[in-house]
Each structure stands twice: as structure tokens, then as C-alpha cells.
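Q: When you get a sec, could you give me coordinates for this:
(one chain, ligands or ions: 2)
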Amino acid sequence: MASSSIKAISTTSPFTASSSPSSQPPSSSKPSLLSFLHTSSSNPISLKLSHSHSHAHNSHSHSFLITNVLKTADSCETSVSKSQKLKPTSSDSTPTILVSEKLGEAGLQVLRGFGNLECAYNLSPEELCAKISTCDALIVRSGTKVTRQVFEAAKGRLKVVGRAGVGIDNVDLQAATEFGCLVVNAPTANTVAAAEHGIALLTAMSRNVAQADASIKAGKWLRNKYVGVSLVGKTLAVMGFGKVGSEVARRAKGLGMNVISHDPYAPADRARAVGVDLVSFEQAIATADFISLHMPLTPATSKVFNDETFAKMKKGVRIINVARGGVIDEDALVRALDSGVVAQAALDVFTEEPPPKDSKLVQHENVTLTPHLGASTKEAQEGVAIEIAEAVVGALKGELSATAVNAPMVPPEVLSELSPYVVLAEKLGKLAVQLVAGGSGITSVRVVYKSARDPDDLDTRLLRAMITKGIIEPISASFINLVNADFVAKQKGLRISEERVAVDSSPEFPVDSIQVQISNVESKFASSVSESGSISIEGKVKYGEPHLTCLGSFGVDVSLEGNLILCRQVDQPGMIGRVGNILGNDNVNVSFMSVGRTVQKKALMAIGVDEEPNKRTLEKIGKVPDIEEFVFLNL
Ligand SMILES: NC(=O)C1=CN([C@@H]2O[C@H](COP(=O)(O)OP(=O)(O)OC[C@H]3O[C@@H](n4cnc5c(N)ncnc54)[C@H](O)[C@@H]3O)[C@@H](O)[C@H]2O)C=CC1
Ligand SMILES: O=C(O)C(=O)COP(=O)(O)O
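A: Numbers count the residues shown, from 1 in each chain. Ligands and ions are numbered 1, 2, ... in the order given. As a prediction, this is how the structure comes out:
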């Protein structure tokens with residue numbers, strides 16, 4: 001019996017979970033930058049190339065494809081026909097980059113060479129929101145709050161936020177991820193500057209440099225008042241043994257200090273190599289004469305220095321904070337200073353920046369202050385500017401960034417190796433979802449990767465993201481990329497589980513085959529259901545091209561390109577001719593054909609066609625005697 005399901009894609013969303021946040025991340029309006037992640041396999045570029053290259057050139061064509069797909073929408077336009085154009089980014093499709101805080105000239109030059117650069121400093125939150133919908137990228141330092149409202153106001157245009165520095169606590173990462181906006185930072189160029197500033201505060205504080213300077217300028221000469229304390233032989237606790245903390249430790253060792261550190265995530269051998277012992281939080285704060293803070297501000301570190309922890313410190317301890325103001329409960333610090341538990345504090349960062357003028361902490365005579373100057377050296381600012389400009393330009397070109405904060409970092413060599421499998425993954429997802437009968441809810445997808453590689457050598461995050469994209473995008477208003485794939489899947493109640501099966505093939509290739517199974521759904525093409533009751537399809541990369549190799553319990557070999565007609569029929573002579581004739585008579589060009597058999601005298605015919613046959617042609621195929629079911633699928 002012929003199936004009447006000749007529609008390629010159900011218009012009813014097959015997802016059960018329908019709740020969406022009030023301000024949904026945009027979909028179709030999202031331009032095609034971050035294009036590798038955001039370009040569908042029906043992207044005209046991939047079609048064009050795969051049609052125009054012979055198999056002998058296929059591996060070459062794929063690297064070309066990836067290189068091209070990695071380009072901006074702007075450069076893509078040259079190779080796509082009018083009817084197939086990607087959605088333009090803006091009227092002239094040159095990306096606009098907004099820089100909202102002072103950035104080094106060398107970085108500005110990189111940005112000018114790539115897009116429209118707009119520098120607008122001291123914007124109010126309202127002004128930023130008003131501007132952002134005309135921007136493809138935003139570059140900030142610590143002074144700009146990139147809130148959920150900013151992502152909402154961007155209306156899908158903002159593709160990347162660049163943080164010209166380390167701390168990203170001023171960017172709402174959750175909102176960025178939900179909106180599929182990549183966040184990149186510049187994590188290395190200001191490390192030394194911040195460490196040097198920490199040492200500057202340590203030495204200045206211990207010798208009352210700032211207070212003494214102010215007193216001379218006020219006409220006083222107070223040699224007895226400003227007697228300091230020595231550093232040599234004292235214990236410094238470095239809280240956070242990351243990039244800055246370890247550089248501070250190294251320098252403090254040079255000053256003859258005994259350095260200990262607390263960092264729950266740092267490897268002990270890295271600390272030991274600098275002559276530093278990693279100790280518990282309690283031990284660090286109880287034994288230190290000086291405590292220098294170098295951890296990020298996170299929910300776990302927020303106000304970790306408070307009344308309770310100050311009470312456990314050695315009386316007369318001195319505290320330096322070049323990390324983030326929020327790790328200290330500032331009111332508690334004032335109390336600890338007043339009681340003498342903390343003898344002095346040197347602060348570069350504050351909960352609120354700038355801090356209120358009448359803040360007791362700011363006015364306290366035992367506190368030395370700088371206005372968030374840790375990263376402010378000429379060298380660091382030039383370095384940070386170049387680092388962030390290159391990261392943002394790379395992201396706008398669609399490259400995966402090495403400094404991505406809210407997306408997996410995929411090294412270029414892994415990316416290039418996985419590229420054909422990425423195309424396969426998306427096509428399998430797209431094909432599998434079209435086999436689901438409209439109305440039934442997809443909640444569970446299982447992906448099986450067969451590979452000869454050691455599991456540690458196979459990073460499947462990109463593949464999983466592309467399968468998710470293939471499944472969700474054709475049937476919903478969501479746009480999916482590597483940034484938000486897992487989030488959107490979860491939001492839609494879709495659970496994707498992954499399994500790796502070791503096979504005895506060449507480990508030269510990362511993946512032998514990818515199988516996508518959708519369980520607990522009805523299929524519109526019964527032959528796609530495997531013995532386990534799930535819709536099951538499997539594909540491989542052959543000659544650099546994605547191929548469908550198994551559908552349900554039928555083995556096939558079909559290049560996954562263009563459109564596909566699948567027919568299940570009684571295995572007997574003449575069937576191919578009959579269907580071929582119908583297509584030929586109705587002017588539908590057949591690009592390939594493959595027939596798979598089962599033992600029960602059933603055959604599965606897969607026919608690739610260049611364009612979608614009209615309804616009448618498909619009806620004629622359905623009426624061919626002995627065709628038991630068929631389905632038309634758009635790839
Ligand atoms: N004042 C300024 O201008 C600057 C401030 N910073 C701030 O300095 C801090 C450190 O920066 P980097 O060293 O580049 O970052 P990093 O990521 O290299 O190091 C942070 C370290 O903190 C550790 N950590 C996390 N949670 C912790 C906890 N609960 N207790 C102790 N350690 C914990 C991490 O394991 C990591 O080793 C950041 O907050 C950053 O924003 C950085 C540069 C300039
Ligand atoms: O890199 C960091 O985390 C900093 O705190 C530096 O901040 P800034 O770029 O100077 O506003």
C-alpha cells in the first residue's frame with residue numbers, strides 16, 4: 001500500500017515541550033554568520049560544490065566547502081544564486097563592530113580592516129540597547145554590563161561579544177548562550193600587568209606609599225606615622241593559582257616571601273614547580289600574613305571573604321584584591337579593618353565600580369585604592385586589543401574561537417578533520433526528523449558513533465550539535481549553532497544520548513559511521529523502523545561525501561544530497577524501470593539510485609532527484625502496484 005505521506009516535512013512541531021521563554025532567541029531572522037555552525041546543509045554552496053566535483057575531487061571539494069562555509073555571509077554571496085541567497089546581515093552585509101570602551105589602537109586597526117567600526121564610549125544601558133540591533137559584534141571591557149536586555153534588544157543580529165580582558169562577570173553568559181551569541185575573551189595579554197599591579201599594591205601597601213605621598217602633598221612630614229612592614233620571610237596566600245595568581249606567586253618568591261596557595265582546581269605539580277604548596281582555604285587564611293586574591297567572581301566565590309572568614313584570619317593580616325570586588329563582603333571588610341583583624345587592604349576592584357564616594361571602605365585610612373588599573377599598562381592594552389580584535393574577527397568569519405567562553409573550543413585541526421562528518425551529522429538529523437509522523441513528540445534521540453579511535457580522541461560535541469540542528473531546525477523556529485545546541489535541545493525536552501562503539505577499522509578516520517535513532521515515535525515510513533522499534537538511520541562519509549548506508553533494517557548506499565524518494569516494494573524485476581519511467585516522463589532528473597534487500601523478499605529503493613517532484617508525479621509513484629510505501633525527503 002502506498003503511503004499518502006508525500007509531504008517532506010510536517011508543519012506540526014513534533015516536539016512535546018512547547019513552552020518557550022517570553023523572549024525567544026530569534027530564528028529565521030538570524031543572519032548566517034558563525035556560518036559553519038549556522039549554515040544548513042541545504043546551503044547552496046555545499047550543493048553547488050558537491051554537484052560540480054567528481055568523486056576524485058571530493059576530498060578537495062570538501063575542504064573547499066568548509067573553507068567557504070567558514071567565510072562571512074558577505075563572501076558567500078559571490079557563489080550563491082539569487083534565489084538561494086543567505087539572509088543578509090545588514091543592508092551592505094559588512095559586519096558592524098561596536099567598541100564600547102577604550103581599546104588599544106592596534107586592535108582598532110584590525111577591526112577597521114574587517115568591518116564597520118563604531119567606537120561609542122560611556123553609553124548608558126538604554127543607549128547600548130538602542131544601538132545594539134545594528135551591530136554584529138560588541139567589544140567591551142569591565143565597564144559595560146552586557147545584560148539579557150542587550151541580547152534581547154539585539155534582535156538576533158549580535159553574533160559575538162568580545163571581552164577585551166579576562167573577567168566575563170559583566171556579560172550574561174546564560175542569555176548569550178540562549179541567543180546563540182558567542183562570547184570570547186582575551187585571557188592572556190593582561191596577565192603580567194595584573195600580576196605586576198598585585199605586587200605594586202602589596203609593596204605600596206606594606207610601606208604606606210599612597211598615604212605617605214598624600215601627606216607630603218598636604219604639607220606634612222610624618223616619618224614616624226608611616227613605618228611599614230617587611231615582606232621578606234612573611235607568608236603570602238595566593239587565592240586562585242591561575243594565570244595571574246601564579247605570576248604573583250613567582251614574583252613574591254623573588255621578594256623572599258613564603259608563598260602558599262589555595263585553588264581547588266589547580267594541579268599541585270604546577271604549583272610545586274614554582275615552589276608553592278597548595279593548601280586548603282582554611283589553612284591559607286589562617287596562616288597568611290598577606291592574602292592576595294586571584295580567583296574569578298562566580299556564585300561560589302561571591303563574598304567568600306566575609307565576617308566568618310575574616311574571623312579565622314591571623315590578626316593583622318593584609319589583603320590585596322586585584323581580582324573582583326564581589327569576592328569580598330565590603331561591609332565585613334570595613335568591620336575587620338575597624339577591629340584590627342585586617343591591618344590593611346589594597347584594592348583595585350570593587351563591588352560597584354566606581355564605588356560610592358562616601359563609601360566607608362574608600363574613606364578608610366588603612367585602605368589603598370586604585371581605580372581598576374590591573375590591566376592598564378600600555379603593553380597589556382595593546383596586547384589585549386589585538387587578542388580580542390582577532391578573536392572577534394575570527395568569530396565573525398565563522399571560525400571557532402580558541403578563547404570561546406560559552407562554546408566548546410574545537411582546535412582547527414580537529415575541526416578540519418571532522419568537517420565532512422559535520423555535514424553528515426546534520427543531514428542525518430534532518431533526514432531522521434522527516435521520517436517522524438507529524439504530531440508525535442520527539443523526546444529521545446540516541447546517537448551511536450562507530451569508530452576505531454580511542455574515545456578520548458573523538459570529540460563528538462560538534463557532531464552532536466549538528467545532529468541537534470538537523471533535527472530541530474526544520475521543524476521549529478529555533479536557530480541552532482554550537483553555542484546553543486544543547487540548551488535548545490533541553491528547552492524542547494529533547495534528550496540526546498550518545499554511545500561509542502569500537503570497530504575494527506582504520507583509526508585514521510575519526511568516525512566509521514554515525515547512527516541516529518529516534519525512539520517512542522511513529523514513523524511515516526515504516527521501513528525506517530528497526531527491530532528495536534526506533535526510527536534508525538545510519539550514514540558514513542565516503543570519498544568525502546555524506547552517504548546514507550542503512551535505514552531501519554535495510555542496507556542502502558545513497559549520497560545524501562538534493563532530494564530523496566524512498567520506496568519499499570516487493571523485490572521483483574522491473575520496479576526500478578517503472579518508477580524511473582514515471583520520473584523521466586515528468587521531467588524529473590534522477591541523480592542516483594540504490595536498492596537494498598531484506599530476506600523477506602522486500603526491497604528498499606532510494607532514488608536521488610535533483611528537484612522536488614510535483615504532487616501528481618509522487619501520486620503516480622504511489623499507485624505503482626507492489627510499491628508498499630514511499631516517502632519523499634528533502635535533504
Ligand atoms: N584588576 C584587573 O584589572 C584584572 C583582574 N583580573 C581578574 O583576576 C582574576 C584571575 O584572572 P586569571 O588568573 O587570568 O584567571 P585564571 O582563570 O587563569 O585563574 C583563576 C584561578 O582561580 C581558580 N579558582 C576558581 N575558583 C576558585 C576558588 N573558589 N578558590 C580559589 N581559586 C579558585 C581557578 O581554578 C583558576 O586557577 C579574574 O577574576 C580576573 O577577572 C584579571 C586581569 C586584570
Ligand atoms: O581582564 C580583566 O579581568 C580585568 O579586570 C581588566 O579589566 P579592564 O579591561 O581594564 O576593564
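Q: I'd like the C-alpha coordinates of stretch 489-508 written as PDB, please.
A: Output in PDB follows, covering the C-alpha atoms of stretch 489-508 (Å, rounded to 0.1, in the frame of the first residue of the first chain):
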ATOM      1  CA  ALA A 489      17.500  20.700  22.900                       C
ATOM      2  CA  LYS A 490      17.000  20.700  26.600                       C
ATOM      3  CA  GLN A 491      14.500  23.500  26.300                       C
ATOM      4  CA  LYS A 492      12.500  21.500  23.900                       C
ATOM      5  CA  GLY A 493      12.500  18.400  26.100                       C
ATOM      6  CA  LEU A 494      14.800  16.600  23.700                       C
ATOM      7  CA  ARG A 495      17.300  14.200  25.300                       C
ATOM      8  CA  ILE A 496      20.200  13.300  23.100                       C
ATOM      9  CA  SER A 497      22.300  10.400  24.400                       C
ATOM     10  CA  GLU A 498      25.500   9.300  22.800                       C
ATOM     11  CA  GLU A 499      27.200   6.000  22.600                       C
ATOM     12  CA  ARG A 500      30.500   5.000  21.100                       C
ATOM     13  CA  VAL A 501      31.100   1.600  19.600                       C
ATOM     14  CA  ALA A 502      34.600   0.400  18.900                       C
ATOM     15  CA  VAL A 503      35.000  -1.000  15.500                       C
ATOM     16  CA  ASP A 504      38.000  -2.700  13.800                       C
ATOM     17  CA  SER A 505      38.600  -0.200  11.000                       C
ATOM     18  CA  SER A 506      41.300   2.400  10.400                       C
ATOM     19  CA  PRO A 507      41.800   4.900  13.200                       C
ATOM     20  CA  GLU A 508      43.000   7.300  10.500                       C
END
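Q: Show residues contacting it.
A: The contact list for stretch 489-508 (Cβ atoms under 8 Å, 6 or more residues apart in numbering) reads 15-17, 20-21, 441-455, 457-458, 460, 464, 467-468, 471-472, 476, 478, 512. Heads up, the C-betas are built off the backbone N, CA and C, glycines and all.
Q: So which residues on the stretch 351-500 of the chain come close to ligand 2?
A: Residues of the stretch 351-500 of the chain found near ligand 2 (Cβ under 6 Å from any ligand atom) are His372, Gly374, Ala375, Ser376.
Q: before we move on, the earlier item: ChimeraX command to pick out the buried ones of the contacts of stretch 489-508?
A: Of those, the buried ones can be selected in ChimeraX as follows, counting by 16 or more other Cβ atoms under 10 Å:
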select :15,441,442,443,444,445,446,447,448,449,450,451,452,453,458,460,464,467,468,471,472,476,478,512
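Q: Mark which of the contacts of stretch 489-508 are part of helices, please.
A: Residues from those lying in helices, with DSSP state H as the criterion: Arg464, Ile467, Thr468, Ile471, Ile472.
Q: From ligand 2, how far out is the closest residue to the second one other than its chain neighbours?
A: The shortest distance from Ile467 to any residue that is not its chain neighbour, by Cβ to Cβ, 6 or more residues apart in numbering, is 4.1 Å, and that residue is Gly429. Counting by Cβ to the nearest ligand atom, to the nearest Å, the separation of Gly429 from ligand 2 is 38 Å.
Q: any idea how far Gly429 is from Thr443?
A: Distance, Gly429 to Thr443, by Cβ to Cβ, to the nearest Å: 15 Å.
Q: for Lys155, same thing?
A: From Lys155 over to Thr443 the distance is 31 Å, taken as Cβ to Cβ.
Q: before we move on, what about Glu413?
A: Per Cβ to Cβ, Glu413 is found 36 Å from Thr443.
Q: Also Arg251?
A: Separation of Arg251 from Thr443 (Cβ to Cβ): 55 Å.
Q: Now whatever residue of the stretch 1-150 of the chain ends up closest to ligand 1. Nearest residue, chain neighbours left out?
A: Nearest residue of the stretch 1-150 of the chain to ligand 1: Ser142, at 7.1 Å (Cβ to the nearest ligand atom). Of all residues not flanking Ser142 in the chain, Asn170 sits nearest, at 5.7 Å (Cβ to Cβ, 6+ apart).
Q: thinking again about what came up before, reformat the ones in helices among the contacts of stretch 489-508 as JSON lines; add pLDDT and distance to Gly113.
A: Formatted as JSON lines, the ones in helices among the contacts of stretch 489-508 follow (pLDDT from 0 to 100; distance: Cβ to Cβ, whole Å):
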{"residue": "Arg464", "pLDDT": "93", "distance to Gly113": "35"}
{"residue": "Ile467", "pLDDT": "95", "distance to Gly113": "37"}
{"residue": "Thr468", "pLDDT": "93", "distance to Gly113": "35"}
{"residue": "Ile471", "pLDDT": "92", "distance to Gly113": "39"}
{"residue": "Ile472", "pLDDT": "88", "distance to Gly113": "36"}
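Q: Return the residues of the stretch 1-150 of the chain in contact with ligand 2.
A: Within the stretch 1-150 of the chain, the positions near ligand 2 by Cβ under 6 Å from any ligand atom are Arg141, Ser142, Gly143.
Q: Go ahead and confirm the second one touches Phe350.
A: This means Ser142. No - using Cβ atoms under 8 Å, Ser142 is not in contact with Phe350; the gap is 10.8 Å.
Q: for the longest helix along the chain, packing partners?
A: Longest helix in the chain, counting residues (DSSP H): helix 412-434. Counting contacts by 3 or more Cβ pairs under 8 Å, 6 or more residues apart in numbering; DSSP states H and E, helix 412-434 packs against helix 58-69, helix 461-472, strand 513-519, strand 535-542, strand 545-551, strand 627-634.
Q: and among those, the most buried is which?
A: Counting by mean count of other Cβ atoms under 10 Å, helix 461-472 has the highest mean neighbour count of the helices and strands packed on helix 412-434, with a mean of 26.
Q: How far off centre is that helix?
A: In terms of Cα atoms, centre = their mean, to the nearest Å, the centre of helix 461-472 is found 13 Å from the chain centre.
Q: cool, and stretch 316-325?
A: Distance of stretch 316-325 from the chain centroid (Cα atoms, centre = their mean) equals 33 Å.
Q: what's the residue of the stretch 101-250 of the chain found nearest ligand 2 sitting at in phi/psi?
A: Nearest residue of the stretch 101-250 of the chain to ligand 2, counting by Cβ to the nearest ligand atom: Gly165, 2.6 Å away. Note on Gly165: its backbone torsions stand at phi 160, psi -160 [degrees, to the nearest 10].
Q: quick one: contacts for it?
A: The contact partners of Gly165, taken as Cβ under 8 Å, 6+ apart, are Arg141, Ser142, Asn185, Ala186, Asn190, Ala375, Val384, Ile388.
Q: Could you list every helix and strand in contact with the helix or strand where the last one lies?
A: Using DSSP states H and E, Ile388 falls within helix 378-396. Contacting helix 378-396 under the criterion 3+ Cβ pairs under 8 Å, 6+ apart are the following elements: helix 105-112, strand 137-140, strand 160-163, strand 182-185, helix 191-206.
Q: Quickly check: the last one near ligand 2 or not.
A: No - among the residues of helix 191-206, none lie within reach of ligand 2 under Cβ under 6 Å from any ligand atom; the closest is 6.9 Å away.
Q: Just the endpoints, please. Distance across stretch 452-467?
A: Counting by Cα to Cα, to the nearest Å, you get 21 Å between the two ends of stretch 452-467.
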